[in-house]
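> Requesting a structural model of the entry that follows:
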Amino acid sequence: MSEFSLEKISENIHFGKTKEYFKEVLSSYQNENYRSSVVMLWSVVVCDIVYKLQHLVDLYKDASASEILNELTAIQNNDPKSSAWEFKLIECVYEKTDLIDSAELENLRYLQKQRHLSAHPVLKRNFELYFPNKETTRAILRNTLEGVLIKPPFYTQKILNELLSDISENTAALNTRKKVKQYVESRYLNRMTQEVELQIYRSLWKLVFKLDNEDCKNNRNINLEVLDVIGSRNVAQLEAAISGELDYYSSVASEGNAIEYLVFYLSKNSRLYNLLTEDAKLKVIHCVETDYIGKTLGWFVKENLEQHFNDVLAWIEGEEHPNFEEGEWEALLEISDSEEWQEMFCKLVGAYYAMSHTYDQADSRFKSSVQLYLPLFNVAAIHFMLQKIETNNQTYRRSLSSFDHPKIKRRAVEFDENFDFAPYPCFSQSVSED
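Have a look, this model is predicted:
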C-alpha cells in the first residue's frame with residue numbers, strides 16, 4: 001500500500017484560493033515549522049468554509065448558507081476584535097448543514113486548540129513555547145484535508161441536483177462503467193462521508209426504479225450506473241440501509257422500463273431481493289415471468305441457476321423466438337462467475353444459434369453470439385451445440401458455414417486432438433479449411 005501523500009491529496013482542494021493558501025501550510029510543515037503550519041491551517045479552514053457558504057448563496061441562493069453568513073457578520077460588527085465568530089462558524093455549519101459530521105467537528109476543535117497553543121505565548125514549565133511535533137501536525141493536516149478542504153461546496157440537499165445535472169450533461173463521455181466510476185469518485189464520492197453517499201443512493205433508487213417522467217427515462221441508464229458505483233462502495237451498509245426503510249425501497253414501479261432496470265440490478269445484487277416486502281417481490285416476479293429482460297436475468301427468484309438455465313433454454317427453443325443483443329448476453333453471463341454457469345451460458349448461446357430460422361439470421365447469430373463467446377466453450381458445451389446444429393439445416397447449409405464452422409472445430413481440437421466429430425455428419429460436411 002502506498003504512503004498517504006499530503007501533496008497529492010491537496011491537489012483535490014476545490015477552490016483555487018484555498019489551494020494557494022494551503023501551499024503555505026504545506027511549505028511550513030515540510031520545513032519543520034510546525035507551529036506556523038498549524039496556525040496558518042486554522043485560517044485556511046475558516047476561509048475555505050466561508051468560500052463554500054458564499055458559493056451556495058451565489059449559485060443556489062441557499063437560505064441556510066445566507067443565514068449563517070448574516071449571523072457571523074452581525075457578530076463581527078458587534079465585536080470586531082473578537083475571534084469568537086471563527087468557531088461559531090464551524091458550529092453553525094455542523095448544525096445546519098451536512099458539510100461536516102460530528103467526528104470532523106471534533107477534529108476541528110482539536111485543530112483550534114492546537115492553533116491556540118501555537119499562536120499564543122503559552123509557556124511550558126521550562127519557559128519554552130509550545131511546539132507541536134511532526135506526527136501531530138501531519139495528522140491534523142490530513143484530517144483537515146479529508147474532512148473539510150477537499151469537499152465540494154454543497155450540502156446533501158444540493159449535491160444530488162448538482163450530480164444529476166452533471167452526469168446528464170456528460171452522458172456521451174461516460175459511456176462505460178469504468179469511466180462513470182472514475183468520474184463520480186474523483187469529482188464527488190471521494191469527498192463525501194459515507195452517510196451522504198447512502199443518502200444519494202437512496203434518492204437514485206427512487207429515480208431509477210420507481211419514477212417514470214421524461215427526465216427519469218432519459219437518464220435512467222447513467223443514473224443506474226452511479227447507483228451501482230455507490231452500492232459497490234458501500235456493500236456492508238446497504239442491507240442495513242434498505243432494511244431500515246423497507247417501505248421506501250419496496251415502493252417500486254409495477255411495469256415498464258423502471259421494473260426492468262430493477263431486475264437487471266438485482267441480477268447482480270441478488271441479496272437485496274430478499275430484503276424487499278412481499279408486494280415488491282410480486283412485482284419483480286411478474287416481470288420475470290412476462291418481460292423480456294425479466295426472463296433473461298431473473299435467476300434470483302428461481303430455486304437455483306440450473307432451473308434458470310432450463311427456463312431460458314425452453315424460452316429460446318419455444319414459440320417466442322427471442323432475439324438477444326450483445327449487451328444482454330453479457331449481462332446474462334455476469335449473473336455468476338462459476339465454471340458451471342459459464343458452461344450453461346455457452347449452451348444457451350449454442351441453442352440460440354441453432355434456433356436460427358433463416359440463413360441470414362444464422363449468419364448474424366454466429367457472428368454476434370457464437371464467435372464472440374467461443375473462447376469460453378468447454379467440451380460439454382461444444383458437444384451440446386453440435387447436437388443442436390445437426391437439427392437445423394439453416395446453420396449447416398448456409399454458405400458462410402464453411403468459414404464459420406471451422407472455428408468451432410478448432411476450438412474443439414484445442415481440448416482433444418482426437419475429438420470425435422462422427423456423431424455430427426452435417427456439421428462435418430459444412431466444415432472447410434479453405
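> how about the helices in the stretch 1-150 of the chain?
Listed from the start of the chain, the stretch 1-150 of the chain has helices (DSSP state H, counting those that start in this stretch) covering 6-10, 16-30, 34-60, 63-78, 84-96, 102-119, 134-144.
> Save those helices as JSON lines, and put in mean neighbour count too.
C-beta here means a position set from N, CA and C on the backbone, and glycine is covered the same way. JSON lines is the format used below for the helices of the stretch 1-150 of the chain (neighbours: other CB atoms under 10 Å):
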{"stretch": "helix 6-10", "mean neighbour count": "14"}
{"stretch": "helix 16-30", "mean neighbour count": "16"}
{"stretch": "helix 34-60", "mean neighbour count": "20"}
{"stretch": "helix 63-78", "mean neighbour count": "15"}
{"stretch": "helix 84-96", "mean neighbour count": "17"}
{"stretch": "helix 102-119", "mean neighbour count": "17"}
{"stretch": "helix 134-144", "mean neighbour count": "17"}
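> Redo those helices as TSV? Include mean pLDDT.
Listed next are those as TSV, based on pLDDT from 0 to 100:
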stretch	mean pLDDT
helix 6-10	90
helix 16-30	95
helix 34-60	91
helix 63-78	88
helix 84-96	88
helix 102-119	90
helix 134-144	94
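> With respect to Glu255, which of those lies nearest?
Put simply, out of the helices of the stretch 1-150 of the chain the one that sits nearest Glu255 is helix 34-60, at 36.2 Å, with distance taken as CB to CB.
> Check which helices and strands the closest one sits against.
Helices and strands in packing contact with helix 34-60 are listed as helix 16-30, helix 63-78, helix 84-96, helix 102-119, helix 134-144; criterion 3 or more CB pairs under 8 Å, 6 or more residues apart in numbering; DSSP states H and E.
> Can you spell out which helices and strands pack onto the longest one?
Applying 3+ CB pairs under 8 Å, 6+ apart, one finds that helix 102-119 makes contact with helix 34-60, helix 84-96, helix 134-144.
> ok and the first one relative to helix 84-96, angle-wise?
Looking back up the chat, that one is helix 34-60. 50 degrees (axes from the mean of the first three to the mean of the last three CA atoms, to 10 degrees).
> Asn304: which of the helices and strands packed on helix 34-60 is closest?
Go through those one by one with CB to CB and the one that ends up closest to Asn304 is helix 102-119, at 44.2 Å.
> Report the backbone C-alpha coordinates of the worst-scoring helix or strand of the chain on mean pLDDT in CSV.
Sorted by mean pLDDT, DSSP states H and E, the helices and strands of the chain end with helix 156-169, the least confident at a mean of 82. Once side chains and other backbone atoms are set aside, the C-alpha atoms of helix 156-169 remain, and they are given as CSV (Å, rounded to 0.1, in the frame of the first residue of the first chain):
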residue,chain,number,x,y,z
THR,A,156,-26.6,16.9,0.8
GLN,A,157,-29.8,18.6,-0.5
LYS,A,158,-27.7,20.4,-3.2
ILE,A,159,-25.3,17.6,-4.2
LEU,A,160,-28.0,15.4,-5.8
ASN,A,161,-29.1,18.1,-8.2
GLU,A,162,-25.6,19.0,-9.0
LEU,A,163,-24.6,15.4,-9.6
LEU,A,164,-27.7,14.6,-11.7
SER,A,165,-27.2,17.6,-13.9
ASP,A,166,-23.5,17.0,-14.3
ILE,A,167,-23.7,13.3,-15.3
SER,A,168,-26.7,14.0,-17.6
GLU,A,169,-24.7,16.6,-19.5
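> picking up where we left off before, include distance to Val431 when you put the helices of the stretch 1-150 of the chain into JSON lines, please.
Formatted as JSON lines, the entries for the helices of the stretch 1-150 of the chain read as follows, by distance: least, CB to CB, whole Å:
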{"stretch": "helix 6-10", "distance to Val431": "58"}
{"stretch": "helix 16-30", "distance to Val431": "66"}
{"stretch": "helix 34-60", "distance to Val431": "67"}
{"stretch": "helix 63-78", "distance to Val431": "73"}
{"stretch": "helix 84-96", "distance to Val431": "73"}
{"stretch": "helix 102-119", "distance to Val431": "68"}
{"stretch": "helix 134-144", "distance to Val431": "65"}
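> can you tell which of those helices is closest to Leu211?
Leu211 sits nearest to helix 34-60 of all the helices of the stretch 1-150 of the chain, at 22.8 Å, using CB to CB.
> which stretch among the helices of the stretch 1-150 of the chain comes nearest Lys388?
Distance to Lys388, taken as CB to CB, is lowest for helix 6-10 among these, at 55.8 Å.
> How about residues contacting that closest one?
19, 22-23, 26, 29, 138, 141-142, 145-146, 149-150 (CB atoms under 8 Å, 6 or more residues apart in numbering).
> Kindly indicate which of the residues you listed lies nearest Asn219.
Ranking the contacts of helix 6-10 by separation from Asn219, with CB to CB as the measure, puts Ile150 on top at 27.0 Å.
> count of neighbours near that closest one?
The local packing of Ile150 (other CB atoms under 10 Å) involves 19 other residues.
> how close does it sit to Val312?
Plainly put, Ile150 is 47 Å away from Val312 if you go by CB to CB, to the nearest Å.
> In three-state terms, label the residue nearest to Tyr183 when sequence neighbours are not counted for me.
For Tyr183, the nearest residue in space outside its immediate sequence neighbours is Leu174; the separation is 5.7 Å by CB to CB, 6 or more residues apart in numbering. Three-state secondary structure (criterion: DSSP: H, G, I helix; E, B strand; the rest coil) places Leu174 in coil.
> didn't Leu174 look like it was pressed against Val226?
No: between Leu174 and Val226 there is no contact, the gap being 9.1 Å when judged by CB atoms under 8 Å.
> Residues that sit against both of the two, list them.
Joint contacts of Leu174 and Val226 (CB under 8 Å, 6+ apart) are 167, 180.
> Looking at those two now, which is surrounded by more residues?
Neighbour totals were compared for Leu174 and Val226, and Val226 leads with 26 against 22 (other CB under 10 Å).
> contacting residues around the residue sitting nearest the centre point of the chain?
Most central residue of the chain, judged by C-alpha distance to the mean C-alpha position with CA atoms, centre = their mean, is Val229 at 0.7 Å. If a contact means CB under 8 Å, 6+ apart, then Val229 has 177, 180-181, 184-185, 189 as its contacts.
> Appreciated, that's everything.
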